[in-house]
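Enquirer: Provided below are the primary sequence and the corresponding predicted coordinates.
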Number of protein chains: 2
Amino acid sequence: MPSKGLLIVLSGPSGVGKGTVRQALVESHAFDFKYSVSMTTRNPREGEVDGIDYYFSDKASFEAAIENGEMLEYAQYVDNYYGTPLKPVNDMLEQGHDVLLEIEVKGAMQVRDKIPEGAFIFLTPPDLSELKNRIVKRGTDDLDVIQKRMTKAKEEILMMESYDYAVVNDEVDLAVQKIKSIIDAEHVRVDRVIDDYRQMLDK
Amino acid sequence: MPSKGLLIVLSGPSGVGKGTVRQALVESHAFDFKYSVSMTTRNPREGEVDGIDYYFSDKASFEAAIENGEMLEYAQYVDNYYGTPLKPVNDMLEQGHDVLLEIEVKGAMQVRDKIPEGAFIFLTPPDLSELKNRIVKRGTDDLDVIQKRMTKAKEEILMMESYDYAVVNDEVDLAVQKIKSIIDAEHVRVDRVIDDYRQMLDK
């Protein structure tokens, strides 16, 4: 039996570029992972295929899935539900595949409750790490602009606290490189591999 | 002020090839780190320089350093003490340098008590990960040989439990590559970087 796969959760504040980084990870072909298909109650658009672009569902079935604990995470936007079904993710992990989820912060927190052993990566806006420099040379920026940015920064740092890793998305290639290192490192964490070693002694 | 450096502890059972991996890490020049100089009570050998090869000390001073909590770790072999003074390591870390320690398992456990936030890497003998295959095709190996190896494996797995990462030393280049990934990943761990972010909001 293969070792269990690793769940990689890529998240961060809206507008940070999660989709771009995910796409670059896929295209880098540097490691194998499965990408989980979301479920939604919105209507399929032209060309969208059930089970590939989304699992399309009606509202009653989606709500039943929530009720029965079958959703790893979900959210409601406008009148539609969007979410990640739990079973396909668990199946892929059990088969030894790494699974990548690219989701909003609220969804990531739901995943943390259900699969706490995942690797939770917070993409950080470059202006958050630049903020320090800007504050230091205060006076060149409008104080009001700085204040607003400070408030937003506080919210972002509060979000970051619930994650394992914070990767600055200044250059996509650099962010991808760091995420690869994180995945390689997570694969050799003692708490992930020790059960395999222990099991072999029981054989 | 720079962020605090990362303490990297490279350890593992005797004979696993810690020195070879450390040397390859140094020669790879892939990242900067300081290497800590050990202190010993044994006499300097021809050509050894105090402060470079070792800090040479007399027995009374070494025992006073132990007594005063000035040793990060130490051990006694035959009639001499060997160990790592705490202050130079802490100074390098405070200055933002990563510090690499290559030490025995007992020493690593002492370091864990004093600097728990270090990255503790356990080098695993390749035959430990190969053991499973050998047990599966039991009969080709002498049962007595397998039993002895099993006992040793149990000891090694018990040691591994106190570490963060387990890296198989099958090929030195592969082990070095994994250690580099671990160091990159550790640098972006939220619990390492979040204080920097929090501090910038207090400015």
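Expert: Cool, got the structure.
Enquirer: tell me the helix or strand right after the helix or strand of chain A with the lowest mean pLDDT.
Expert: Least confident helix or strand, chain A: helix A:126-136 with a mean of 66, by mean pLDDT, DSSP states H and E. Heading C-terminal from helix A:126-136, the first helix or strand you meet, by DSSP states H and E, is helix A:143-160.
Enquirer: what residues sit buried inside that next one?
Expert: Going by neighbour count (16 or more other C-beta atoms under 10 Å in any protein chain shown), the buried part of helix A:143-160 is A:Ile146, A:Arg149, A:Ala153, A:Glu156, A:Ile157, A:Met159, A:Met160. For glycine as for every other residue, the C-beta is placed from the backbone atoms N, C-alpha and C.
Enquirer: chain B: which of those is nearest?
Expert: Nearest to chain B among the buried residues of helix A:143-160, counting by C-beta to the nearest C-beta, is A:Ile157 at 4.9 Å.
Enquirer: re the thing from before, can you tell me which of the buried residues of helix A:143-160 are up against chain B?
Expert: Among those, the ones lying near chain B by C-beta under 8 Å from any C-beta of the partner chain are A:Ala153, A:Ile157, A:Met160.
Enquirer: from those residues, pick the one nearest A:Ala64.
Expert: Nearest to A:Ala64 among those, counting by C-beta to C-beta, is A:Met160 at 34.4 Å.
Enquirer: which ones are touching the closest one?
Expert: Residues near A:Met160 by C-beta atoms under 8 Å, 6 or more residues apart in numbering or on different chains: A:Phe122, A:Thr124, A:Ala166, B:Val190, B:Ile194, B:Tyr197.
Enquirer: mind putting those residues in TSV, distance to B:Leu128 included?
Expert: As requested, the contacts of A:Met160 are exported to TSV (distance: C-beta to C-beta, whole Å):
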residue	distance to B:Leu128
A:Phe122	35
A:Thr124	38
A:Ala166	34
B:Val190	32
B:Ile194	36
B:Tyr197	40
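Enquirer: so which of those residues are in strands?
Expert: A:Phe122, A:Thr124, A:Ala166 (DSSP state E).
Enquirer: now the residues you listed as TSV including distance to chain B and pLDDT?
Expert: What follows is those, written out as TSV (distance: C-beta to the nearest C-beta, whole Å; pLDDT from 0 to 100):
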residue	distance to chain B	pLDDT
A:Phe122	7	95
A:Thr124	8	90
A:Ala166	5	96
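Enquirer: up against chain B, what does chain A have?
Expert: Counting by C-beta under 8 Å from any C-beta, chain A sits next to chain B at A:122, A:128-129, A:131-132, A:135-136, A:150, A:153-154, A:157, A:160-161, A:163-167, A:177-178, A:180-182, A:184-186, A:188-190, A:193-194, A:196-198, A:200-201, A:203.
Enquirer: drop anything exposed from these.
Expert: For the residues of chain A next to chain B, buried by 16+ other C-beta under 10 Å: A:122, A:128-129, A:131, A:135, A:153, A:157, A:160, A:163-167, A:177-178, A:180-182, A:184-186, A:188-190, A:193-194, A:197, A:200.
Enquirer: name the helices or strands packed onto the helix or strand hosting A:Lys106?
Expert: In this assignment (DSSP H and E), A:Lys106 forms part of helix A:105-114. Using 3 or more C-beta pairs under 8 Å, 6 or more residues apart in numbering or on different chains; DSSP states H and E as the contact test, the elements touching helix A:105-114 are strand A:7-11, strand A:71-77, strand A:80-85, strand A:99-102, strand A:119-124.
Enquirer: 10 Å - rerun?
Expert: Counting contacts by 3 or more C-beta pairs under 10 Å, 6 or more residues apart in numbering or on different chains; DSSP states H and E, helix A:105-114 is packed against strand A:7-11, strand A:71-77, strand A:80-85, helix A:86-94, strand A:99-102, strand A:119-124, helix A:143-160.
Enquirer: other residues contacting the fourth one?
Expert: Pointing back at helix A:86-94 there. Outside helix A:86-94, the residues that touch it by C-beta atoms under 10 Å, 6 or more residues apart in numbering or on different chains are A:1-2, A:4-7, A:33-37, A:39, A:51, A:55, A:65, A:68-73, A:97-99, A:101, A:111, A:114-115, A:117-118.
Enquirer: buried residues, it. List them.
Expert: Buried residues in helix A:86-94 (16+ other C-beta under 10 Å): A:Leu86, A:Pro88, A:Val89, A:Asn90, A:Met92, A:Leu93.
Enquirer: tell me which of these is nearest to chain B?
Expert: Closest approach between those and chain B, by C-beta to the nearest C-beta: A:Leu93, at 20.1 Å.
Enquirer: any idea how far that closest one is from A:Glu117?
Expert: 10 Å (C-beta to C-beta, to the nearest Å).
Enquirer: identify the contacts common to the two.
Expert: If you check A:Leu93 and A:Glu117 against C-beta under 10 Å, 6+ apart, the residues they both contact are A:Lys4, A:Leu6, A:Leu7.
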